[in-house]
Structures are given as structure tokens and as C-alpha cells.
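1. Curious how this folds, go ahead:
(chains A and B)
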Amino acid sequence: NAGVTQTPKFRVLKTGQSMTLLCAQDMNHEYMYWYRQDPGMGLRLIHYSVGEGTTAKGEVPDGYNVSRLKKQNFLLGLESAAPSQTSVYFCASSYGTGGYNEQFFGPGTRLTVL
Amino acid sequence: AQSVTQPDIHITVSEGASLELRCNYSYGATPYLFWYVQSPGQGLQLLLKYFSGDTLVQGIKGFEAEFKRSQSSFNLRKPSVHWSDAAEYFCAVGAGGGATNKLIFGTGTLLAVQP
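-> Numbering: from 1, shown residues only, chains lettered A, B, ... in the order given. As a prediction, this is how the structure comes out:
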């Protein structure tokens, strides 16, 4: 049981390049989330999904797209990377509805955009 | 709007000393409250959570937190800090209800432990 895994762990992009971050969970969770973490700002929700085939915007969605084609995977895409997207990205998943459900986090992807 | 405030950005304590990390929240309904810990270079790990019942909750690694509705607080405590507790700590409130299950995080408190 690997929990939540993220690929890659590190990435350096040039401005304007595109990339996809992959999140996978093996806990059969319905809900999945993408956050970004910036110094002094905590974690901010980018996009989330409440089930296979669904996605929704979070707090800071601009410049990102997501897809949830399979229940266990949640992809985060950057179509044209900008230096402001330099951050650490975390994926999380949770079992069900209700704010009391624990979110399980992946180890993060550190992205630098030059 | 829901929000979480962690007023202490950085705290330094001596090993063996007691610890209290502050968290205040703003939320209209009964809050679901969490404390997560992030060790350097790692993801977030749940320490404890509160959603009903006893207002003093016990977590892993010897941590506890007390929910005080009158003060809108959920402070994290540990009676004796170990060097391995050095990490960043995040308080979060669950924006419960409906189907979103979103968490709103505070900005974190970085804990340093002196030998």
C-alpha cells in the first residue's frame, strides 16, 4: 500500500514550456486535490475532484488544468509555465464527503520555472 | 469566509520543554479541525483531528490539542519536545458540508528545537 505517490519529485522548466504532474493513490479514495505550497502562504487549493471524470476549481486555478480519467489518478497540467508557478506541489486524497475526512498527502513535487 | 490564523511564524524551544502552537479559525458552523506536520522535504502527515465530542483530542507522537469554541481556537500542545519534533506545523479547518471536503490551511508555524 503506497498511499499517495507523485511523479516527478523535481522538475526545472523554462518559461513557456509545458508539463504534467501525475498523482496516484491506491486507497480507492473518491476525492483528490492539488495544492501548491509557497513560503509564508501555507497550502492553497488549485483544483480538486470529487470522483472519476469530475474536476472543479479551487482557490488558485489560473494557469493550471487537471484531469481525472481514472479514479486512482489525478493529473495537473501547466500549459505554458511561468516563473510565478515556481512552487512545491502536493497532491492529496480523501475517502468521502464531509469536512472531517482526513486528507492523505503525497511527498510533493518541487517545480522551478526559469 | 473561512480562514485559519497561525500567529507564530517561527518558534524555538529547548529539547524537553513544553510546546504550545496557536491556531485560530473563522468558520460559521461547527468546524472540523486538523493539525498536520511537515518534516523537511516531506509531505504532510496528520497529527490529530477534531470534529465532535471531547474537546481535548489526542494525536500521534504525544501531541494533543484543545478545541475552545468561545475562543475560536485549536491550540496544539506537547508536554516535552524531542529534537525530532523540529518541523513545520499546519492547522487546517475542514470546509465541511456538501461534497467538496476542502481544507483551508493556516500559513504554518516552523518549530526549531534547541539541544
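
2. Might you quantify the distance of the worst-scoring helix or strand of chain B on mean pLDDT from its chain's geometric centre?
-> Ranked by mean pLDDT, DSSP states H and E, the weakest helix or strand in chain B is strand B:102-105, scoring a mean of 86. Chain-centre distance of strand B:102-105: 12 Å, with Cα atoms, centre = their mean, to the nearest Å.

3. In its sheet, which strands sit next to that strand, and in what direction?
-> Sheet pairing of strand B:102-105 (DSSP bridges) gives strand B:87-95 (antiparallel).

4. rewinding a little: residues in contact with the least confident helix or strand of chain B: which ones?
-> Contacts to strand B:102-105, defined as Cβ atoms under 8 Å, 6 or more residues apart in numbering or on different chains, come from residues A:33, A:42-45, A:48, A:58, A:99, A:103, B:2-4, B:34, B:90-95. Any C-beta I mention is one placed from the backbone N, CA and C, and that applies to glycine too.

5. Ramachandran coordinates for the closest residue in space to A:Gly51 that isn't next to it in sequence?
-> With sequence-adjacent residues excluded and distances taken as Cβ to Cβ, 6 or more residues apart in numbering or on different chains, A:Gly51 is closest to A:Glu30, at 5.2 Å. A:Glu30 adopts backbone torsions of phi -80, psi -40, taken as degrees, to the nearest 10.

6. What is the neighbour count of A:Glu30?
-> Counted with other Cβ atoms under 10 Å in any protein chain shown, the neighbours of A:Glu30 add up to 18.

7. Pull up the per-residue confidence for the residue positioned nearest the centre of chain A.
-> By Cα atoms, centre = their mean, chain A has its centre lying nearest to A:Trp34, at 2.7 Å. pLDDT for A:Trp34: 96.

8. again, but for B:Ala99
-> Value listed for B:Ala99 in the pLDDT field: 48.

9. can you check A:Asp26 too?
-> Reported pLDDT for A:Asp26: 96.

10. gap between the spatially closest residue to it that is not a sequence neighbour and B:Phe90?
-> The shortest distance from A:Asp26 to any residue other than its chain neighbours is 5.6 Å, reached at A:Ala2 (Cβ to Cβ, 6+ apart). As for A:Ala2, its distance to B:Phe90 is 23 Å (criterion: Cβ to Cβ, to the nearest Å).

11. what do you get for B:Asn75?
-> According to Cβ to Cβ, B:Asn75 and B:Phe90 sit 14 Å apart.

12. Between these two, which is the more surrounded one?
-> Neighbour count, other Cβ under 10 Å: between B:Asn75 and B:Phe90, B:Phe90 has more, with 25 against 17.

13. Quick check: bridge partners of that one?
-> Going by DSSP bridges, B:Phe90 forms beta bridges with B:Tyr36.

14. So it is in contact with A:Gly42, correct?
-> Yes: using Cβ atoms under 8 Å, B:Phe90 is in contact with A:Gly42, at 6.3 Å.

15. which bits of chain A sit near chain B?
-> By Cβ under 8 Å from any Cβ of the partner chain, the residues of chain A that approach chain B are A:4, A:31, A:33, A:40-45, A:48, A:50, A:56, A:58, A:90, A:92, A:94, A:96-108.
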